[in-house]
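[1] Quick one: sequence and predicted model below, then my questions.
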Amino acid sequence: MFLVMAEYSVSDVSEYAKEIGLYVVTVLVGLAIHFFIVLPVILFALAKKNPLLYYKSLLPAMATAFGSFFFFTFIVNFDLHNFDDFISCDSNLL
């Protein structure tokens, strides 16, 4: 990203942000089309299964994946290697 920013001057930052925003929207729309249209059609055509029931069965796995991802983000952002600062407990209990 810094190599790309080197081509822009400071006055072009707003235009660069607009281009990056348009790129992000384009990628998200493409992923949505793929997830909500292409994959269900392929699933129905090849496996003859209802895509809604299939996606419903994926919810526990997706919840676990997102939950573990956000916990990892929490660990990275808050340096929890020193658990004494994070969890306060009485030293008499140890």
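    Received it, and whenever you're ready, just let me know what you need.

[2] Any regions of this structure where pLDDT drops low?
    Counting by pLDDT under 70, the ranges of the chain that qualify are 1-11, 71-94.

[3] Quick check: longest helix in it by residues?
    Ordering each helix of the chain by length in residues (DSSP state H) puts helix 51-77 first.

[4] Which elements pack onto that one?
    Where contact means 3 or more C-beta pairs under 8 Å, 6 or more residues apart in numbering; DSSP states H and E, helix 51-77 is packed against helix 39-47. (C-beta placed from N, C-alpha, C; glycine too.)

[5] quick revisit: and the angle from the longest helix of the chain to helix 39-47?
    130 degrees (axes from the mean of the first three to the mean of the last three C-alpha atoms, to 10 degrees).

[6] in helix 51-77, what's buried?
    Going by neighbour count (16 or more other C-beta atoms under 10 Å), nothing in helix 51-77 comes out as buried.

[7] gap between the two ends of stretch 33-40?
    10 Å (C-alpha to C-alpha, to the nearest Å).

[8] can you pull the buried residues of it?
    In stretch 33-40, counting by 16+ other C-beta under 10 Å, buried: residue 40.

[9] ok, and what's touching it?
    Stretch 33-40 is contacted by residues 51, 55 when judged by C-beta atoms under 8 Å, 6 or more residues apart in numbering.
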